[in-house]
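*Asks:* Task: produce atomic coordinates for the following.
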Amino acid sequence: MNSQPWKIYSRGRKHVGKPTGSTRFCTLENCGGTRITTRWDNGKVTHPCSEGMNWSPKGNVAEIV
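*Replies:* Residues are numbered from 1 along each chain as shown. Purely as a prediction, here's the structure:
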């Protein structure tokens with residue numbers, strides 16, 4: 001993962017979120033990803049894993065797959 005993205009899109013691009021700056025290691029077995037704390041446009045906060053995202057070439061936009 002390059003750096004934190006400026007935008008994270010939900011699956012199907014229904015919602016857009018921004019990373020809060022807080023991260024933690026993913027605890028799923030054999031994952032090795034980073035959970036990125038994300039505040040969504042509907043006010044909810046989640047922690048999607050970087051390994052479950054498609055990243056733009058510049059690393060500033062990600063979409064959950």
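
*Asks:* what ranges do the strands span in this protein?
*Replies:* In order along the chain, the chain carries the following strands (DSSP state E): 7-9, 16-25, 34-40, 45-46, 53-55, 61-64.

*Asks:* would you turn the ones you listed into CSV with mean neighbour count and mean pLDDT?
*Replies:* C-beta: built from backbone N, CA, C; applies to glycine. As requested, those are arranged in CSV below (neighbours: other C-beta atoms under 10 Å; pLDDT from 0 to 100):
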stretch, mean neighbour count, mean pLDDT
strand 7-9, 18, 96
strand 16-25, 14, 95
strand 34-40, 18, 97
strand 45-46, 13, 98
strand 53-55, 14, 95
strand 61-64, 19, 95
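
*Asks:* Tell me who's in contact with the closest residue in space to residue 34 that isn't next to it in sequence.
*Replies:* Distances taken as C-beta to C-beta, 6 or more residues apart in numbering place residue 50 nearest to residue 34, at 4.6 Å, with adjacent residues excluded. Counting by C-beta atoms under 8 Å, 6 or more residues apart in numbering, residue 50 touches 1, 26, 33-36, 62.

*Asks:* I'd like those as CSV, with distance to residue 9 appended.
*Replies:* As requested, those are arranged in CSV below (distance: C-beta to C-beta, whole Å):
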residue, distance to residue 9
1, 16
26, 19
33, 17
34, 18
35, 17
36, 13
62, 7
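
*Asks:* Closest to residue 54 out of those residues?
*Replies:* Using C-beta to C-beta, residue 62 comes nearest to residue 54 of the contacts of residue 50, at 6.7 Å.
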